[in-house]
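generate a structure from the sequence data that follows.
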Amino acid sequence: MYLRSVQFMKEKVENARQYPFNIPAIQSLQRLEFRNNITFFVGENGSGKSTLLEGIAHQCGFNTAGGGRNNVFEMHASESSLGDYLRLAWLPKITNGFFMRSESFYQFASHVDEMGTLEYYGGRSLHEQSHGESFLNLFVNRFSSKGIYLLDEPEAALSPARQLSLLRILHDLSGTSQFIIATHSPILLGYPDADILNFDDISIQKMAYEDTEHYQITRSFLENRHRMLDELFKD
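Got it, this is the predicted structure:
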């Protein structure tokens, strides 16, 4: 591992009632330690998982609209409000890595075309591929050993089969790279022995895979589809 912990310096925040500092998981955050090469952030929309991931990307020097240290392009609302109040502890410090942000991937792909750096992404424009293909090509060609990779909902464009392909990529790189991934995918969360941090409670807590809502709801639906749909559609 490279990133050992992130500390929230809340004493420097002037208005703790302002977003994103008023998110319960962020309010209660003091020091979050990483003990695994693969860590998942889980929680409902608005729980703070993507906000913290973006703040970490900011402190890593990555473009918070998506990319690495050398990817500079403008995008509305890409500045991290939380990032300036975080302190990262490294052992050792590493600068190689990437912040993958699903919602701004189109803008990132356009940036790659403009820069003429397609050789680092499989030699073909990311816009000339399906959404899922472009995501996987990014993972295969841009991710390498000895890096830290921050992924915000990478499953957004991936079919279940391609999510399994991503699991294989994580497996191949986990010995020399560190991944922190915000996700809703029960498939990705199933990666063996990964740490899962839940943002839905007042404080961020580690939890077992089988205890996640993602696993429980998915399993219940697959095993009791008709009963769950009948209940859902009942007047």
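
summarise which helices and strands the longest helix seen in the chain is packed against.
Using DSSP state H to define each element, the chain has its longest helix at helix 160-173. Counting contacts by 3 or more C-beta pairs under 8 Å, 6 or more residues apart in numbering; DSSP states H and E, helix 160-173 is packed against helix 131-142, helix 186-189. C-beta coordinates here come from the backbone N, C-alpha and C atoms, glycine included.

low-confidence stretches in the chain?
70-80, 103-124, 126-129, 131-132 (pLDDT under 70).

can we see that at 90?
Within the chain, the segments meeting pLDDT under 90 span 1, 63-81, 93-95, 100-146, 156-157, 235.

a markdown table for the helices and strands packed on helix 160-173, including distance to residue 45 and mean neighbour count?
A markdown table is the format used below for these (distance: least, C-beta to C-beta, whole Å; neighbours: other C-beta atoms under 10 Å):
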| stretch | distance to residue 45 | mean neighbour count |
| --- | --- | --- |
| helix 131-142 | 20 | 19 |
| helix 186-189 | 16 | 20 |
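
picking up where we left off before, and the next element down the chain from the longest helix of the chain?
Later in the chain than helix 160-173, the nearest helix or strand by DSSP states H and E is strand 178-182.

one step back: just the angle between the longest helix of the chain and strand 178-182, please?
With axes from the mean of the first three to the mean of the last three C-alpha atoms, to 10 degrees defining the directions, helix 160-173 sits at 150 degrees from strand 178-182.

follow-up on the earlier one: using CSV, lay out the helices and strands packed on helix 160-173 together with distance to residue 200.
Shown next, in CSV, are those (distance: least, C-beta to C-beta, whole Å):
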stretch, distance to residue 200
helix 131-142, 26
helix 186-189, 14
